[in-house]
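J.: attaching a predicted model along with its sequence, questions to come.
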Amino acid sequence: DIQMTQSPSTLSASVGDRVTITCRASQSFSSWLAWYQQKPGKAPKLLIYKASSLESGVPSRFSGSGSGTEFTLTINSLQPDDFATYYCQQYNSYPWTFGQGTKVEIK
Amino acid sequence: QITLKESGPTLVKPTQTLTLTCTFSGFSLSTSGVGVGWIRQPPGKALEWLALIYWNDDKRYSPSLKSRLTITKDTSRNQVVLTMTNMDPVDTATYYCAHRPSPGSWLDYWGQGTLVTVSS
């Protein structure tokens, strides 16, 4: 199984900050990685697919990059609506696996 | 517009079998490449992928749960059913179904989830 490790687990930031979340994989793979945003009591929402492609309707302040074993999600100019938990997920091989999540909190 | 909705019991007893139904609209599970998956999330914890079924009835399971899971589809009713046997309190979680638009792709639309509690 490919293990996905996110860092940090919690991130405190202010509105307007640029934040970066890292997802490291236990095995190398190409770009088969997605990022999701989840708010309390809600289903995950797709933000990024194929490591760097922005899902339709997602604000352009979200971006993804990486390949191999290290991937990043960047939020430029953090907005109040962005305070949430973010998950990476690899769909390169079965079983699909998720990171443990990164909670972005208000500083 | 693609929508998915999970339904099933909110409370099951230990050792019982859980049956969850995902009813969807806006796509057909007879369309080449399409899949529907199940994912769960224990309270306060991370997401865990459980199973996936494709338009051609190809099925994939989490190895750690494979012996307990069965995923099936009813294309005419636009439904996917997940059964999980021998339920335990550690299986208490919100269960989600989600749409996979094509092979090699991600999960783009998710249902709202349904909380299942396992308790005697």
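T.: All right, it came through fine.

J.: separation between the spatially most central residue of chain B and A:Asp1?
T.: Centroid check for chain B by C-alpha atoms, centre = their mean gives B:Trp38 as the closest residue, at 2.8 Å. According to C-beta to C-beta, to the nearest Å, B:Trp38 and A:Asp1 sit 17 Å apart. (Each C-beta comes from the backbone N, C-alpha and C, glycine too.)

J.: tell me the buried residues in the strand ranked longest in chain A?
T.: Ranked by number of residues, the top strand in chain A under DSSP state E is strand A:62-75. For strand A:62-75, a neighbour-count test (16 or more other C-beta atoms under 10 Å in any protein chain shown) marks A:62-64, A:66, A:71-73, A:75 as buried.

J.: quick one, what contacts the nearest residue to A:Pro80 once chain neighbours are set aside?
T.: The shortest distance from A:Pro80 to any non-neighbouring residue, by C-beta to C-beta, 6 or more residues apart in numbering or on different chains, is to A:Val15 (6.1 Å). A:Val15 sits next to A:78-80, A:106 when contact means C-beta atoms under 8 Å, 6 or more residues apart in numbering or on different chains.

J.: let me know the helix or strand that A:Val15 is in.
T.: For A:Val15, there is no enclosing helix or strand under DSSP states H and E.

J.: how close does it sit to B:Cys97?
T.: 34 Å.

J.: residues touching B:Arg100, list them.
T.: Contacts of B:Arg100 (C-beta under 8 Å, 6+ apart): B:34-37, B:52, B:106-108.

J.: one step back: export the buried residues of strand A:62-75 to TSV and tack on distance to B:Thr72?
T.: Formatted as TSV, the buried residues of strand A:62-75 follow (distance: C-beta to C-beta, whole Å):
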residue	distance to B:Thr72
A:Phe62	36
A:Ser63	39
A:Gly64	34
A:Gly66	36
A:Phe71	34
A:Thr72	38
A:Leu73	35
A:Ile75	39
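
J.: how close does A:Gln100 sit to chain B?
T.: 5 Å (C-beta to the nearest C-beta, to the nearest Å).

J.: can you check A:Ile21 too?
T.: For A:Ile21, the distance to chain B equals 14 Å [C-beta to the nearest C-beta].

J.: in terms of pLDDT, where does that residue sit?
T.: In this model, A:Ile21 is scored at 98, pLDDT.

J.: list the contacts of the strand or helix carrying it.
T.: Assigned by DSSP H and E, A:Ile21 belongs to strand A:19-29. Residues outside strand A:19-29 that contact it (C-beta under 8 Å, 6+ apart): A:1-8, A:11, A:13, A:33, A:35, A:66-75, A:78, A:86, A:88, A:90, A:92-93, A:99, A:102, A:104.

J.: let's see 6 Å
T.: A:2-7, A:11, A:13, A:68-75, A:78, A:86, A:88, A:92, A:99, A:102 (C-beta atoms under 6 Å, 6 or more residues apart in numbering or on different chains).

J.: which positions within it qualify as buried?
T.: Quick answer for strand A:19-29 (16+ other C-beta under 10 Å): A:19, A:21-25, A:29.

J.: about what we covered before: and the angle for the longest strand of chain A with strand A:19-29?
T.: Strand A:62-75 and strand A:19-29 are oriented at 120 degrees to each other (axes from the mean of the first three to the mean of the last three C-alpha atoms, to 10 degrees).

J.: which of the three states applies to B:Ser67?
T.: Under DSSP: H, G, I helix; E, B strand; the rest coil, B:Ser67 falls in the helix class.
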